[in-house]
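1. Prediction below, plus the sequence it came from.
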Amino acid sequence: MACVALAELAHLAWEHLHGGIVSHHLLADPALPAIWNGWGLILLPALAWWASGRLARRLDRAADLRRVVLAGVFGFSVAALTGVFLSVAFVQGHENLAGLVLMAALGLAVLLRADRAECLLGFVLAMTFVFGAVLPVLIGSVVVVVSMLAHRIVYPLAYRLWRRLPRPAGG
């Protein structure tokens, strides 16, 4: 949490020394409200604290610590790479490619468990330098909700319905 706070403080200091702390408009539309990057100094350490607490809780309940750690590192890494790809595409002026990366992230969230705190943290940290902290949290939260709906509601419901289907008689 302290490392995240120091990194964000360094990021904001750099922005301040290079023209002022930036604000980003929602959906990159100047007609929509702008969100100041300074909010990241509160939001990012809080997100890191929450994610570390969630991971510690899963570690306390786990029978196989190695599996939980590997899943956490994998989730963080995939989400961070997704955030990097989305940010690079946007900075390079390829908004269509950035949209495709976002749609791919939503698709991956349906297939893989992206409703973990470390996934949101990785995604947000990777996008913070380009978009600030608030917009990636909003975007990442949509991805998390899609994944949560798929893995905690739709898939279990589909499994229960599948089990209730009549089976053909063997023979």
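-> Happy to help now that I have it.
2. list the buried ones in the helix or strand of the chain with the lowest mean pLDDT?
-> Counting by mean pLDDT, DSSP states H and E, the weakest-scoring helix or strand in the chain turns out to be strand 23-25, with a mean of 79. Residues of strand 23-25 classed as buried by neighbour count (16 or more other CB atoms under 10 Å): H24. Just so you know, the C-beta spots here come from the backbone N, C-alpha and C atoms, and that holds for glycine as well.
3. Okay, now the sheet partners of it, with direction.
-> In the sheet containing strand 23-25, the strands it pairs with under DSSP bridges are strand 34-36 (antiparallel).
4. which outside residues touch the strand it pairs with?
-> Taking CB atoms under 8 Å, 6 or more residues apart in numbering as the criterion, the residues outside strand 34-36 that touch it are 21-26, 132, 134-135.
5. Could you pull up the contacting residues of V144?
-> V144 touches 109, 114-115, 119-120, counting by CB under 8 Å, 6+ apart.
6. Mind doing that once more with 10 Å?
-> Applying CB atoms under 10 Å, 6 or more residues apart in numbering, we find V144 in contact with 79, 109, 114-117, 119-120, 123, 137.
7. so it sits in a strand?
-> No: counting by DSSP: H, G, I helix; E, B strand; the rest coil, one finds V144 to be helix, located in no strand.
8. can you count the residues close to Y155?
-> Y155 has 12 neighbours, counted by other CB atoms under 10 Å.
9. For it, give me phi and psi.
-> Listed backbone geometry of Y155 is phi -60, psi -50, with angles given as degrees, to the nearest 10.
10. Surely it touches D115?
-> No: look at Y155 against D115 with CB atoms under 10 Å: they stay out of range, at 11.8 Å.
11. what residue is smack in the middle of the chain?
-> In the chain, the residue lying closest to the centroid (CA atoms, centre = their mean) is L120, at 2.7 Å.
12. so what secondary structure elements neighbour the host helix or strand of it?
-> When secondary structure is defined using DSSP states H and E, the element that contains L120 is helix 117-131. If contacts are counted by 3 or more CB pairs under 10 Å, 6 or more residues apart in numbering; DSSP states H and E, helix 117-131 sits against helix 2-17, helix 40-61, helix 65-91, helix 95-111, helix 134-149.
13. picking that back up, now do the shared contacts for Y155 and D115.
-> L149.
14. and the angle from the helix holding L120 to helix 2-17?
-> The directions of helix 117-131 and helix 2-17 differ by 10 degrees, with axes from the mean of the first three to the mean of the last three CA atoms, to 10 degrees as the criterion.
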